[in-house]
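Asker: Take this sequence and fold it.
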Amino acid sequence: MTKLSVNINKIATLRNSRGGNNPDVVKVAIDCERFGAQGITVHPRPDERHIRYNDVLELKKVVNTEFNIEGYPDERFMTLVEKVRPEQATLVPDPPGAITSNAGWDTLKNKDFLTRIINQLKRWGIRTSIFVDPEEKFVKGAAEISTDRIELYTEPYAVGFVKNKENAVASYAICSKLATDLGMGVNAGHDLDLNNLKFLKQHLPGLLEVSIGHALISDALYYGLENTIQLYLRQLE
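Answerer: Numbering: from 1, shown residues only. As a prediction, the model looks like this:
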């Protein structure tokens with residue numbers, strides 16, 4: 001079964017909009033695991049507009065499933081990751097002011113940089129994953145820098161799904177199989193929801209993990225967090 005990692009950035013956004021500690025990010029992470037989530041994802045950004053760096057330190061104390069930290073591997077991010085030692089670090093090419101991730105790595109142009117970062121993460125005993133677009137050249141480039149996994153950037157799939165879902169998933173199926181053949185694991189994330197998740201899973205049989213935040217937290221406003229997590233898990237069965 002593909003694992004569900006819940007991205008709790010939006011919980012932190014809600015907390016930060018009012019100040020104080022309501023909702024409590026740490027408690028929500030604990031509850032997500034209690035409700036069936038198999039991982040917790042956070043993406044701390046330099047301006048700390050949602051997840052704060054101290055949140056990451058506090059979450060490390062309580063997360064009992066897989067802790068996945070996403071981010072651009074600048075000096076501050078790497079210092080945090082070294083201190084926390086999460087199960088997985090997912091590298092994204094976001095500039096500091098990005099609202100959300102909107103592209104994968106060019107693994108060819110950034111080969112030397114990514115190789116150096118991935119080697120360091122592996123020395124710390126952390127599984128590595130890099131965010132890539134569903135293009136074969138970038139998947140092949142990822143294999144050359146020895147990352148453990150790739151995370152396929154699924155916004156184009158989500159946009160295309162409503163028009164022609166077979167066409168939308170085609171490049172993802174090809175790249176997923178290629179990654180597996182090259183010895184890498186496959187994750188996926190961005191704009192996945194209750195409408196498009198099952199179809200993606202059906203066409204990516206080797207899919208190991210999905211990271212979902214915005215849609216899942218939005219659905220929880222209507223269905224409740226526990227029920228929503230169960231609904232997403234059913235799509236991955």
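
Asker: Give me the helices and strands touching the helix or strand harbouring S17, please.
Answerer: Assigned by DSSP states H and E, S17 falls within helix 9-18. With contacts taken as 3 or more CB pairs under 8 Å, 6 or more residues apart in numbering; DSSP states H and E, helix 9-18 sits against helix 25-34, helix 214-223. Any C-beta I mention is one placed from the backbone N, CA and C, and that applies to glycine too.

Asker: go again using 10 Å as the cut-off
Answerer: helix 25-34, strand 39-42, helix 53-60, helix 214-223 (3 or more CB pairs under 10 Å, 6 or more residues apart in numbering; DSSP states H and E).

Asker: which residues in this protein form strands?
Answerer: For the chain, the strands defined by DSSP state E cover 3-7, 39-42, 66-71, 88-91, 127-132, 149-153, 185-189, 207-212.

Asker: Export these as JSON lines, with columns for distance to F161, mean pLDDT and mean neighbour count.
Answerer: As requested, the strands of the chain are exported to JSON lines (distance: least, CB to CB, whole Å; pLDDT from 0 to 100; neighbours: other CB atoms under 10 Å):
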{"stretch": "strand 3-7", "distance to F161": "19", "mean pLDDT": "98", "mean neighbour count": "25"}
{"stretch": "strand 39-42", "distance to F161": "22", "mean pLDDT": "98", "mean neighbour count": "26"}
{"stretch": "strand 66-71", "distance to F161": "23", "mean pLDDT": "97", "mean neighbour count": "24"}
{"stretch": "strand 88-91", "distance to F161": "23", "mean pLDDT": "98", "mean neighbour count": "26"}
{"stretch": "strand 127-132", "distance to F161": "19", "mean pLDDT": "97", "mean neighbour count": "25"}
{"stretch": "strand 149-153", "distance to F161": "14", "mean pLDDT": "98", "mean neighbour count": "26"}
{"stretch": "strand 185-189", "distance to F161": "13", "mean pLDDT": "98", "mean neighbour count": "23"}
{"stretch": "strand 207-212", "distance to F161": "14", "mean pLDDT": "98", "mean neighbour count": "24"}
